[in-house]
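S.K.: Here's a sequence, model it:
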Amino acid sequence: MRLLPFRMHRHPPTLLRFSLEGFPMAGYFLYSLDAEKFNQFVIDPTDKQMFAFADVVSERLDYFNEEEGKILAEWPVDPQELAPILRERLAQDDWYVDLSDYEKSIFESSVDDYLSEKKSGLGYRPESNMGIYWDVIEIIRSYHRVPNSQVNDKIISRFGTTPFRGMPDQSKRRSFMSWHPMHSLHLSEDVVKLRDEVLAAQEAVMGSDDEGAKRDYENELTPALDRLVAKGRILLVNVDT
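M.R.: The predicted structure follows:
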């Protein structure tokens, strides 16, 4: 058995919490995108945007293992030649369905990298000062009875695990031995639903013994969602490991 490609995210160095055992704890980093600009990129990207996106994907293809997938193996590395192929992929209802798990990981990381660049012109900006950690999200997931390591109709179940146009198989448990997305993108209407789910779980979070979860809930998560709902922005969640 093999692990899929691992990638590091560019996050502020201040984001670090340690467990009682002394091991660093991973978590989530919250960012946002301008909804109108993102919609334009998906529906009718400019040539400049496509070349910039192709440049990001091209860097990943330089290290692509051709034995792990047939589709990306046929993609040209040159950004000018790659851009038209990517334009066709952006027009698909599902960007990942025909890719192998290895290829999904490669393409998903490329999308994430592009969205996370200010030069993409999509209004990318940070929405949390310290990030949030697994515990607060797990309490909220538990409150809504989301099956462990699975996604369902609750938006909180997709937090950090569901990229745009790439819903993981809801019948399967998430595993690092298969495709395990490392970011999620939530459109404006889903951000409203997510905030409702988070607010519904307030008593569960604030009534717990987890002081870190309480701080994350009050100081990071709910203020960020309130801002995004007020401005109609898209939520981009990066997972840190």
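
S.K.: Run through the strands of this structure in chain order.
M.R.: With DSSP state E as the criterion, the chain has strands at 17-18, 24-25, 27-33, 125-126, 132-133, 183-186, 234-240.

S.K.: got CSV for those strands, with mean pLDDT, distance to V111 and mean neighbour count too?
M.R.: C-beta: built from backbone N, CA, C; applies to glycine. Shown next, in CSV, are the strands of the chain (pLDDT from 0 to 100; distance: least, CB to CB, whole Å; neighbours: other CB atoms under 10 Å):
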stretch, mean pLDDT, distance to V111, mean neighbour count
strand 17-18, 44, 28, 12
strand 24-25, 46, 26, 13
strand 27-33, 95, 12, 23
strand 125-126, 94, 18, 13
strand 132-133, 92, 22, 24
strand 183-186, 95, 8, 23
strand 234-240, 94, 10, 22
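
S.K.: okay, now A73: neighbour count?
M.R.: 14 (other CB atoms under 10 Å).

S.K.: Now do the residue nearest to the spatial centre of the chain against Y31, distance only.
M.R.: Against the mean C-alpha coordinate of the chain, by CA atoms, centre = their mean, the closest residue is H183 at 1.7 Å. Counting by CB to CB, to the nearest Å, the gap from H183 to Y31 is 9 Å.

S.K.: tell me the contacts of the closest residue to the residue nearest to the centre of the chain other than its chain neighbours?
M.R.: Leaving aside its chain neighbours, H183 sits nearest to D112 (4.5 Å; criterion: CB to CB, 6 or more residues apart in numbering). The contact partners of D112, taken as CB atoms under 8 Å, 6 or more residues apart in numbering, are P163, M182, H183, N238.

S.K.: Adding distance to E88 as columns, could you present the residues you listed in a markdown table?
M.R.: Putting these into a markdown table (distance: CB to CB, whole Å) gives the following:
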| residue | distance to E88 |
| --- | --- |
| P163 | 18 |
| M182 | 25 |
| H183 | 23 |
| N238 | 27 |
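
S.K.: Tell me which two of the residues you listed sit farthest apart.
M.R.: Spatial extent of the contacts of D112 (CB to CB) is set by the pair P163 and N238 at 11.0 Å.

S.K.: what touches both of the two?
M.R.: By CB under 8 Å, 6+ apart, the residues touching both P163 and N238 are D112, H183.

S.K.: Let me know which of the strands of the chain is the nearest to S142.
M.R.: strand 132-133 (14.9 Å).
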